[in-house]
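Visitor: Got a predicted structure here, sequence first:
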Amino acid sequence: MAKLPAPKALAKDGRSLWVQITSLIVFEDPREIHALRQACLLEDDVARSRAELADSPLIVQGSTGQPVENPLLGTIRNATALQAKLLASIAVDSGEVERSAAGRALVSHRYA
């Protein structure tokens, strides 16, 4: 099967993740391709959120003046949790030992 081209909507970080994963795994199931696409889009979202957070304080003023964590921290946590679920949802056939090991290594590396 030919190499799966990256979606045009991906920015730098999402495209990098796409290339990294598609170099390890051959995708044929449209559901897996969709999960990968969404995970890569989330990679871009997280990168943009982290860039925004770099110029912002970690603690901000809440609606009643109390100190609260910057909402971007929750946004990043939620996006990375969803991304981990999407990547974990990519099915692995029992006979594909290399794919399984590569998939586990990738997820372990990204979310350790």
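Guide: Arrived safely, thanks for sending.
Visitor: Nearest residue to Ile33 in space, ignoring adjacent ones along the chain?
Guide: Take Ile33 and drop its neighbours on the chain: the residue closest to it by Cβ to Cβ, 6 or more residues apart in numbering is Phe27, 5.1 Å away. For every residue, glycine as well, the C-beta is placed using N, CA and C.
Visitor: Assign the one you found to helix, strand or coil.
Guide: Here Phe27 is coil, with the state taken from DSSP: H, G, I helix; E, B strand; the rest coil.
Visitor: Pull the contacting residues for it.
Guide: Neighbour list for Phe27: Leu4, Ile33, Leu36, Ile90 [criterion: Cβ atoms under 8 Å, 6 or more residues apart in numbering].
Visitor: Specify which member of the residues you listed is nearest to Asn70.
Guide: Using Cβ to Cβ, the shortest approach to Asn70 within the contacts of Phe27 belongs to Leu36, at 29.3 Å.
Visitor: what residue ranges in the chain score low on pLDDT?
Guide: Scanning the chain with the threshold set as pLDDT under 70 gives 1-2, 91-112.
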